[in-house]
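*Asks:* let me see the structure of the following:
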Amino acid sequence: MKKLLALLLVLIMALAATPVMADDNVTVILDGEVIDCRNAAGEEVPPLLIDGTTYLPVRAIANALNLDVQWDDETKSVFINGVSVLAKKTDVINIFIGGGRFIAKDANGNVVNPILKDGTTYLPVRAIGEAFDKEVTWDGETKTVTLTTKKAPEVVATVISKDKYYVFINKETGKALTATDHYTLEHTAYKEGEVSQIFRFVPAPTDGYFFVQSISNGQNFDVSGHSVEAGGEIITWDSTGAENQMFTIKDVEGGTLIFSASSGLPVQATATNTIQSTLTRQPIQLWEIKETAAPANVDLPQSGAYRMISIGDLKLTDNNGLIVTTGDIPNNQKWTLTDAGNGEYFITNLATGMNLDVSGQSLTPGDPIITWYAGTDPNQRWILEKQSNGTYLIKSVHSGLYLTINSNNMLVQDYQNSSYNQNWTITPTN
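*Replies:* Numbering: from 1, shown residues only. Model prediction:
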């Protein structure tokens, strides 16, 4: 046993002693020009040689491409071309490009964490090429890294509207993504007009990202278990507003890629279900995002974002807790109305992803209305009763009581009455 422990100790010390050294002899050429690698203070930061792999300084490459770079010490995050609200403190350094998290991979698809040395963040040459969409070559004789801008294919950008409906058809199989009632995002034969294959894009709080919502079950695309690994399953799940339910799209030659915000990996079809996978740009990862007609019994205008204001000019707001206010908090005062069937709606805050909810499934007048993680229970379902003056009464399916502002400016449920505090204007907004 003692010999085994001694051997393990030797191995650990050997791994800890992996050489990390500056390699001043490496030349970096970007689009034909030799670049000097420097940090924010203008000091030289040469490439690193780590266990036989060359690492390049991230800021130096981004600056050479005229990209803005910021460092957030609290979350240990590098922001390139815009700060991201998705940043949070983790055990490793995170890199965000254009608001989306970048997950570096090696040639085998394994995650490669950035290296921080003397205040400078480094990534392997291969990951640098992927991060900045460059072709990478390495000349071992001259120790030269060459980064070359790829020739952009001529493609027509997919234009997404929050007021329209779409199907996702795989470019290799011709099959469509299909939402079922048991949380599986399947990959089945395309059938025009099939409601389980129809989705809409709800803008997420981070620019350029969306919640992709099923029309048939009201659930969002979701990276199961918040996985950041290739092979992690993509399912549908009740709306949470979390990063693992945010997606973005990118047009490439031959189709469109759908990327997860939480993992940075593209959505890929399998024989039956859907996963996230290492980027290959093969047809099995490419999709046609095809506009389709509004499904029956869905009121298309209800698919946009709305502000809900009482006749007393109090604005319904979800600001880490449901309030009504005369103040202006734009994102937190935007709500989406999702058809739940039978003339009922889920009312979801655009900023938080939370649904209006009868607290504790109460049946008692005067009890509070809150926002809560999205589900499908009756206490999160509402009926909109339009009045002759164009305003609405909002009735709980669960209790039969109405959305009401009480004398303390609290949102509660109550019996129907004729007071202004039960009347709401529902106004479309961007």
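
*Asks:* so what's the residue most central in space within the chain up against?
*Replies:* Per Cα atoms, centre = their mean, the C-alpha nearest to the average position across the chain is that of Met246, at 2.0 Å. Listed by Cβ atoms under 8 Å, 6 or more residues apart in numbering, the contact set of Met246 reads Leu86, Ala204, Thr206, Tyr209, Phe210, Phe211, Ser260, Ala261, Ser262. C-beta coordinates here come from the backbone N, C-alpha and C atoms, glycine included.

*Asks:* how does it look with 7 Å?
*Replies:* Met246 makes contact with Ala204, Thr206, Tyr209, Phe210, Phe211, Ala261, according to Cβ atoms under 7 Å, 6 or more residues apart in numbering.

*Asks:* swap in Pro57?
*Replies:* Residues in contact with Pro57 (Cβ under 7 Å, 6+ apart) are Cys37, Val45, Thr120, Tyr122.

*Asks:* okay if I get the residues you listed as TSV plus distance to Thr376 and pLDDT?
*Replies:* Shown next, in TSV, are the contacts of Pro57 (distance: Cβ to Cβ, whole Å; pLDDT from 0 to 100):
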residue	distance to Thr376	pLDDT
Cys37	53	88
Val45	53	89
Thr120	49	91
Tyr122	47	90
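
*Asks:* which among these gets closest to Thr292?
*Replies:* Using Cβ to Cβ, Tyr122 is the member of the contacts of Pro57 that lies nearest Thr292, at 46.0 Å.

*Asks:* who's that closest one bridged to?
*Replies:* Pro57, Ile115 (DSSP bridges).

*Asks:* so it versus Val412, what's the distance?
*Replies:* 56 Å (Cβ to Cβ, to the nearest Å).

*Asks:* show me where pLDDT drops low in the stretch 251-400 of the chain?
*Replies:* Low-confidence segments of the stretch 251-400 of the chain (pLDDT under 70): 295-305, 311-312, 320.

*Asks:* what's around the closest residue to Val397 other than its chain neighbours, how many residues?
*Replies:* Computed as Cβ to Cβ, 6 or more residues apart in numbering, the closest residue to Val397 that is not its neighbour in sequence is Arg381, at 3.9 Å. Using other Cβ atoms under 10 Å, Arg381 has 25 neighbouring residues.

*Asks:* show me the contacts for Arg381.
*Replies:* Ala340, Glu344, Phe346, Val397.

*Asks:* quick one: residues in contact with the host helix or strand of the third one.
*Replies:* When you say that, I think you mean Phe346. Element membership of Phe346 [criterion: DSSP states H and E] is strand 344-349. With Cβ under 7 Å, 6+ apart as the contact definition, strand 344-349 has outside contacts at 218, 239, 302, 318, 332, 335-340, 354-356, 371, 374, 380-384, 397.

*Asks:* so after it, what's the next helix or strand?
*Replies:* strand 354-358.

*Asks:* just checking, next helix/strand downstream of the helix or strand in which Met308 is found?
*Replies:* Using DSSP H and E, Met308 sits in strand 305-310. The C-terminal neighbour of strand 305-310 among helices and strands, as given by DSSP H and E, is strand 315-318.

*Asks:* let me know the secondary structure of Ser263.
*Replies:* Following DSSP: H, G, I helix; E, B strand; the rest coil, Ser263 is assigned to coil.

*Asks:* isn't it up against Val228?
*Replies:* Yes: the criterion here is Cβ atoms under 7 Å, and Ser263 meets it with Val228 at 4.2 Å.

*Asks:* neighbour count for those two, which is higher?
*Replies:* Ser263 (21 against 17).

*Asks:* any idea how far Asn389 is from Arg101?
*Replies:* Applying Cβ to Cβ to Arg101 and Asn389 gives a distance of 47 Å.

*Asks:* what about these two, which has more around it?
*Replies:* Higher neighbour count among Arg101 and Asn389: Arg101, with 21 against 9, using other Cβ under 10 Å.

*Asks:* for that one, what are its contacts?
*Replies:* Contacts of Arg101 by Cβ under 7 Å, 6+ apart are Leu86, Asn94, Ala261, Ser262, Gly264.

*Asks:* what ranges do the helices span in the stretch 101-250 of the chain?
*Replies:* Ranges of helices in the stretch 101-250 of the chain, per DSSP state H, counting those that start in this stretch, are 125-131.

*Asks:* any stretches of it with poor pLDDT?
*Replies:* For the stretch 101-250 of the chain, the stretches with pLDDT under 70 are 107, 151-157, 181-182, 205.

*Asks:* what inclination does the strand holding Met308 have with respect to strand 354-358?
*Replies:* For strand 305-310 against strand 354-358, the angle by axes from the mean of the first three to the mean of the last three Cα atoms, to 10 degrees is 30 degrees.

*Asks:* now for the contacts of Arg381, which pair is the farthest apart?
*Replies:* Phe346 and Val397 (10.4 Å).

*Asks:* quick one: which of these two has more around it?
*Replies:* Taking neighbours as other Cβ under 10 Å, Phe346 and Val397 compare with Phe346 leading, 23 against 18.

*Asks:* and that one, what are its bridge partners?
*Replies:* Under the criterion DSSP bridges, Phe346 forms beta bridges with Thr338.

*Asks:* any idea how far it is from Ile383?
*Replies:* According to Cβ to Cβ, Phe346 and Ile383 sit 12 Å apart.

*Asks:* same check on Ala176?
*Replies:* 32 Å.

*Asks:* quick one: which of these two has more around it?
*Replies:* Ranked by neighbour count (other Cβ under 10 Å), Ala176 and Ile383 place Ala176 first, with 25 against 17.

*Asks:* so what's the nearest residue to that one once chain neighbours are set aside up against?
*Replies:* The shortest distance from Ala176 to any non-neighbouring residue, by Cβ to Cβ, 6+ apart, is to Tyr190 (4.0 Å). Tyr190 is in contact with Val167, Ile169, Gly174, Lys175, Ala176, Gln197, counting by Cβ under 7 Å, 6+ apart.

*Asks:* phi, psi of Tyr190?
*Replies:* Note on Tyr190: its backbone torsions stand at phi -70, psi 130 [degrees, to the nearest 10].

*Asks:* follow-up on the earlier one: what sits up against the strand holding Met308?
*Replies:* With Cβ under 7 Å, 6+ apart as the contact definition, strand 305-310 has outside contacts at 162, 315-316, 324, 333-337, 350, 405, 420-421, 423-429.

*Asks:* let's see that with 6 Å instead.
*Replies:* With contacts defined as Cβ atoms under 6 Å, 6 or more residues apart in numbering, strand 305-310 is touched by 315-316, 333-336, 350, 405, 424-429.

*Asks:* off-centre distance for that strand?
*Replies:* Remark: strand 305-310 is offset 25 Å from the chain centroid, using Cα atoms, centre = their mean, to the nearest Å.
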